[in-house]
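[1] after the sequence you'll find the predicted model.
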Amino acid sequence: MKWNSQAGMALGFLVGTTFGSGIGFLLHWHSYDLVAIVSACGALGTAAGAWTVRRFVHGTPNANKL
């Protein structure tokens, strides 16, 4: 699988929304609070995933062979 920015963003979105859902579950949040935390964590995860791919994967030689 070639790692590009879209794959990093998708993985980051998945991790972020899962993390946000877990936090909302632990805090017993419902409705608008839960939507807000999952959306915020998804956006942060998307940005973090794109940054990680650009910073670490594209900075290594033979990055397309990963």
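    Alright, I've got the coordinates. Worth saying up front: this structure is predicted, and the values here are computed from it rather than measured. Numbering: from 1, shown residues only.

[2] need the residue closest to the centroid of this protein.
    Gly12 (1.7 Å; C-alpha atoms, centre = their mean).

[3] which helix or which strand is home to that one?
    Take DSSP states H and E as the rule and Gly12 turns out to sit in helix 5-26.

[4] tell me the mean pLDDT over that helix?
    Averaged over helix 5-26, pLDDT sits at 92.

[5] and the following helix or strand past that helix, how far out from the chain middle?
    Downstream of helix 5-26, the next assigned helix or strand under DSSP H and E is helix 31-52. Helix 31-52 has its C-alpha centroid displaced from the chain centroid by 7 Å (C-alpha atoms, centre = their mean, to the nearest Å).

[6] stretch 15-23 too?
    For stretch 15-23, the distance to the chain centre is 9 Å (C-alpha atoms, centre = their mean).

[7] ok, residues contacting that stretch?
    34, 37-46, 48-49 (C-beta atoms under 8 Å, 6 or more residues apart in numbering). Glycine gets a C-beta too; all of them are placed from N, C-alpha and C.

[8] neighbour count added to those residues, as TSV?
    Shown next, in TSV, are the contacts of stretch 15-23 (neighbours: other C-beta atoms under 10 Å):
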residue	neighbour count
Leu34	17
Ile37	19
Val38	20
Ser39	13
Ala40	14
Cys41	21
Gly42	20
Ala43	15
Leu44	16
Gly45	22
Thr46	20
Ala48	17
Gly49	22
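
[9] and the furthest pair within the residues you listed?
    Leu34 and Gly49 (21.9 Å; C-beta to C-beta).

[10] Thr52 reaches Gly8, doesn't it?
    Yes. Thr52 lies in contact with Gly8 (C-beta atoms under 8 Å); the separation is 5.8 Å.
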